[in-house]
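Peer 1: predicted model, plus sequence, below.
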Amino acid sequence: ARCAEAYLTLGDFVADLYDGVVARILSREWKRAGLAADERKKELAGCEELYKQARAAYLAKKKSGAKGSTPSSRRKSNAALSPTGNGKTLQDLEQALNDVYLHKRNLEKVIDMDTKERSNVEKSAVDFLKLALGSFGNALSISDVGEKVNMTKYVYKMVSLWYSGKIEANTVMASVQSKIPSFRFVPLIYQLFSRISKPSKTDAAASQTGDDGEDFQNILHQIMIRLCTEHPYHALVPLITLANGNKIGSGVSGRQSQAYLENVGEGKVGAAREMLEQLREVGPEYVAHLIESYERMCDAYIDLAMAPTQSFHSSRSKYIPLSSMNTKTTTSLDKCLKVGRSTLSCPPCVLTKPPLLRARGDYGEGKTDPIGSERVHGFDPNFSLTETGLHRPKIVQCVGSQGGKFRQLVKGEDDIRQDAVMQQVFGTVNDLLRRHAARGSRQDDVSATVAPAVHCSHHGSSSSLSFANELKIATYHIVPLSPTSGVLEWVDDTLPFGDYLLDRGKKIGAHSKYFPGEWGIGQCRTHFRNAPVGQKRSAYDKVCDHFSPAFRFFFVERFSSTDAWHAARMRYTRSCAASSIVGHVLGIGDRHSQNILINERSGEVVHIDFGIVFEQGKCLATPETIPFRLTRDIIDGMGPCGTEGPFSQAAKATALVLRENASSLLTILSAVVSDPLYKWSVSSLKARKRQRNHDDVEKNVNMTMSEDVAEGENSNDEASRAISKIHQKLQGYEDGTSGESMSVEGQVQFLINAARDPDNLCVLYFGWCPW
């Protein structure tokens, strides 16, 4: 453990040096110095030419002067020469030659010093890169499985350094990757697989990996083969998804799949398919059987996702037979794992319940259920549709080998890759919160043992640690299967905020139930929408006067005992705080009342639909002016204290954890947003279209989660800008201030005030329902 810690310390130190040198090389000053050096080289070339001319004139003059018979004849000859140089005396030409020579020699010295300095700096960057990669690789190869240090951070850091594009990085990775246990790479599966391509220097993907793309692809290939053979339940589906990269169906709406196809390229699809064939031939026998099972099940999911359902929209029957989706070329989901009357010998795991990660790769070799999951036994023969949406997602129920039943949402005509990425980031944040809470608990234990009296007096200042013990963001599994389809875990016992508060069909919402004489949602939206631009504030105030918040009644209705009511409301308040702060840091927008769910059993909030992230909300046709949703109904559920007390304390605790772990978070986010398959820039045209789709709040539950990618934008610049913005927030800088860095307390209070400010709320899009 100490040896690994020493390697990590060395790696961190050298990586910081490398980042510093790279920042210097990329700085404007360095580029200006390079331009000045180029100018000096051009000046030297001109000086050398001038020196040749001066030397030739001097030698010619000297030669002609030697032929003269007397000094007087030489003086007459000199006086008769033209002013172009031949009219100068030998001494003048010699002086000119010496002047040019000295200037040329000085230029050569300066250029030589500049060249050596720049070469040494660039060489030091390579040396630091190699040493950092080697240090991280050695640490990961010898660290224990139960290491208390967050080793995932260092895997991300090592892979990010490898992606720097230096040939020398490939040399180091080739020597260390085989020593690192494969389970260390599992959290980066999507980021690793997205860079696969056929080893060709002409391939676009190879050009992103430096001058030696073939070596990069060979190393990546070896890592992927290890992942697929040792952790097949985690790695095979992403590989099959990549192999399905050109399956987009027809009539695609929502996110423009063409952008995804351009990023994937035929090279990636072909390389993924070749790797699947290789695994069938040389991999373990059960892995080959698993590939067949997963391919059959994924194809059936995709067929179901893309199947049109318009003919069933007006049907009175809630359930639709899966067999009705059959065609001559497809097999229904409930029969996809059957061969004749028997089932496949090695069934896959439930997609939305992956097994626990096992360091030794002991997943039962296809004979028993992996720990933490169940293998697929079958599917219920019927499915249902969601109530709204242009392309209504299908709700299916997967039956596990141990009798478990798992409801799943099968989505088609939409790319859910961005939502999967956000869930990956949320998982990272939860890990940071958990580690921070564990560290705080150990500190409390030590304090209680060593100095109980001191501990008691200090307990008040440790409130952030106690709140961190219960902070987390609700997550759910999302599995993309192709550019325009995927499977989402159905979050049981939840309903959207809007469904509880507002009338929906024959269902009476809480607002109409408890305030029957006030305006309905339709009247509120119409009044707010029709108000002139200069009167939005007064229109907002009037709507608030006629629409009272009613979310506090949710906890009264769902939790009968006092203890349950109080616990649920505290979980609600803390989850609101954690998701608000993390959502603001990540720039998550479009938080209307249908994109926030409430768990009816625990009271926690669950966020869905992440089509607007990394400050894209500020680029919408009607820009979002608030950091997160903190409307009157959200606050109403927190009780008499409102945003004071538990909410603000939990928000401060979350912000503190993010600040203390800013380096880890930025390292992981840098790897995520630089994923070549992941583009999230929204064009202004699609953004305007997205907001128009909010005109009917009741139709927003299953809205498409993102829109087209802005053509011609530089994805690397966009990724750098997103990371830079997150970094600024983690340092306490916020828009709308005088530019000073705020404390955690000051930043949290500033955000709360901004989220509640009526002047900010009144300029929001009416479909967002800011009242």
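Peer 2: Ah, there it is.
Peer 1: so where do the helices sit in the stretch 501-650 of the chain?
Peer 2: Ranges of helices within the stretch 501-650 of the chain are 510-514, 521-530, 536-545, 552-558, 562-586, 632-636, 646-660, based on DSSP state H, counting those that start in this stretch.
Peer 1: looking at these, which is closest to residue 345?
Peer 2: Closest to residue 345 of the helices of the stretch 501-650 of the chain is helix 562-586 (Cβ to Cβ; 43.3 Å). The way it works is simple: take the backbone N, C-alpha and C, and place the C-beta from them, glycine included.
Peer 1: re the thing from before, just say which of the helices of the stretch 501-650 of the chain is most tucked in.
Peer 2: Each of the helices of the stretch 501-650 of the chain was assessed for mean neighbour count using mean count of other Cβ atoms under 10 Å. The highest is helix 646-660, with a mean of 23.
Peer 1: for it, name the packing helices and strands.
Peer 2: helix 417-450, helix 463-468, helix 562-586, helix 744-756 (3 or more Cβ pairs under 8 Å, 6 or more residues apart in numbering; DSSP states H and E).
Peer 1: in terms of mean pLDDT, which of these ranks lowest?
Peer 2: Of all the helices and strands packed on helix 646-660, helix 463-468 carries the lowest average pLDDT, namely a mean of 53.
Peer 1: scan the chain for its longest helix.
Peer 2: Selection of the longest helix in the chain by residue count, based on DSSP state H, yields helix 90-142.
Peer 1: which other residues reach the following helix or strand past that one?
Peer 2: Downstream of helix 90-142, the next assigned helix or strand under DSSP states H and E is helix 151-162. Residues outside helix 151-162 that contact it (Cβ atoms under 8 Å, 6 or more residues apart in numbering): 8, 11, 15, 18, 129, 132-133, 136-137, 139-140, 143, 169-170, 173, 184-185, 187-188, 191-192, 428, 431, 663-664, 667-668, 670-671.
Peer 1: 6 Å instead?
Peer 2: Residues from elsewhere that reach helix 151-162, judged by Cβ atoms under 6 Å, 6 or more residues apart in numbering: 132-133, 136, 143, 169, 173, 184, 187-188, 664, 667-668, 670-671.
Peer 1: what sits against residue 164?
Peer 2: Applying Cβ under 6 Å, 6+ apart to residue 164 gives no contacts.
Peer 1: can you tell me how far it sits from residue 665?
Peer 2: To residue 665, residue 164 is 20 Å away according to Cβ to Cβ, to the nearest Å.
Peer 1: for residue 94, same thing?
Peer 2: Distance of residue 94 to residue 665, computed by Cβ to Cβ: 69 Å.
Peer 1: with neighbour numbers in mind, choose between those two.
Peer 2: Using other Cβ atoms under 10 Å, the more surrounded residue of residue 94 and residue 665 is residue 665, with 24 against 15.
Peer 1: which residue packs closest to the more buried one, ignoring adjacent ones?
Peer 2: Distances taken as Cβ to Cβ, 6 or more residues apart in numbering put residue 658 closest to residue 665, at 6.4 Å, once the chain neighbours are dropped.
Peer 1: what about the residue lying closest to residue 613 once chain neighbours are set aside, how many neighbours?
Peer 2: Among residues not flanking residue 613 along the chain, residue 588 sits closest, at 5.2 Å (Cβ to Cβ, 6+ apart). Residues within reach of residue 588, counting by other Cβ under 10 Å, total 26.
Peer 1: out of the contacts of helix 151-162, which one sits closest to residue 89?
Peer 2: The closest of the contacts of helix 151-162, once distances to residue 89 are taken by Cβ to Cβ, is residue 169, at 62.4 Å.
Peer 1: what's the closest non-adjacent residue to that closest one?
Peer 2: That would be residue 162: by Cβ to Cβ, 6+ apart, it lies 5.0 Å from residue 169.
Peer 1: ok, residue 519 next?
Peer 2: residue 546 (4.2 Å).
Peer 1: one step back: now the angle from the longest helix of the chain to helix 151-162?
Peer 2: 150 degrees (axes from the mean of the first three to the mean of the last three Cα atoms, to 10 degrees).
Peer 1: can you start the count at 706 instead of 1 from here on
Peer 2: New numbering, starting at 706: the last item is helix 795-847.
Peer 1: tell me the average confidence for helix 795-847?
Peer 2: Averaging pLDDT along helix 795-847 gives 92.
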